[in-house]
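Q: dropping the sequence and predicted coords here.
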Amino acid sequence: MGRNPDSLADVGGAPAPTLRGEGLLAAWLQVPAVHEDELNDWYDTEHLAQVSSAQGFLSARRYRTVSDGENWYLALYDLTSPGVYADEPVQRILANPTPWSRRLAKLYGPNRAVTVYRKILQIGRDPPEPAPFIFVARMDVDPHVEEPFNDWYDHEHAPRLAEAPGCLRVRRFVAVHGTPRFAAIYDLTAIEVLKSDAWIDAREYGRTQRMRERMSNVTTRACRRVFVLR
């Protein structure tokens, strides 16, 4: 049986006891390496607090890709619901950038991607603090196979990866604003988890290759935590 991707579900027995909000705001930014220090100062001393001050924001933390060659930064905000992003307080903040925000916008230019998600799956408890590492997978899928894709991801792929030692939590999301349509975030104790035999075996198990052939616009990035506001 397939599952409606717009409904929230937990896999593997009892429901996860703390599903921290149904929405997620994810913002990817990249600036030239020479401006990374200023980006971090702006985010950590002004922008993160400004955006997350709006009602409905539950958390705010930042990550950087592990690969020095990419230098992509990711800000994640848990939301009470996806609709928080469209509410007037958030849009007012975004429509009235500070002088520093306007300067940074010139530095990152088109290297910005903002997506708002609805959570559709969680395996594992919410950790007491944000994981030191995360692995983020984003993709579109052929609409004709979306039902078997969700069945594979929710009942085979994600549960097996969640059992790999060092994987703390798995969450899946469907986009309500932005693309690609689907995303999965894996909370990890260490980046080495991604190279473990258990992870690789789970990643390649079963219908994985068949489903990969139906995916498009796939991006995967391993990231380390760099800042937590709350």
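A: All right, it came through fine.
Q: ok, the residue minimising distance to the centre of the chain - contacts?
A: What sits nearest the mean C-alpha location of the chain, by Cα atoms, centre = their mean, is Ile185, with 5.0 Å. Applying Cβ atoms under 8 Å, 6 or more residues apart in numbering, we find Ile185 in contact with Leu76, Ile134, Phe135, Val136, Val170, Arg171, Phe173. Yep, even glycine has a C-beta here, placed from its N, CA and C like the rest.
Q: Pro110 now?
A: Taking Cβ under 8 Å, 6+ apart as the test, Pro110 contacts no residue whatsoever.
Q: now do the SS call for it.
A: When the structure is split into helix, strand and coil by DSSP: H, G, I helix; E, B strand; the rest coil, Pro110 lands in coil.
Q: strands of the protein, residue ranges please.
A: Along the chain, the stretches classed as strands by DSSP state E are 9-10, 23-30, 61-65, 72-79, 112-123, 133-141, 167-177, 182-188, 215-228.
Q: possible to save the ones you listed as CSV with mean pLDDT?
A: Supplementary listing: the strands of the chain in CSV, determined by pLDDT from 0 to 100:
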stretch, mean pLDDT
strand 9-10, 42
strand 23-30, 98
strand 61-65, 97
strand 72-79, 98
strand 112-123, 98
strand 133-141, 98
strand 167-177, 98
strand 182-188, 98
strand 215-228, 97
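Q: between these, which gets nearest to Gln209?
A: The closest approach between Gln209 and any of the strands of the chain, judged by Cβ to Cβ, belongs to strand 215-228 at 10.8 Å.
Q: apart from its chain neighbours, what residue comes closest to Val193?
A: Gly166 (3.7 Å; Cβ to Cβ, 6 or more residues apart in numbering).
Q: burial count for that neighbour?
A: Gly166 is flanked by 18 other residues according to other Cβ atoms under 10 Å.
Q: you'd agree it is up against Glu192?
A: Yes: taking contact to mean Cβ atoms under 8 Å, the distance of 7.5 Å between Gly166 and Glu192 places them in contact.
Q: out of the contacts of Ile185, which comes closest to Ala113?
A: Comparing those against Ala113 with Cβ to Cβ picks out Val136 as the nearest, at 11.6 Å.
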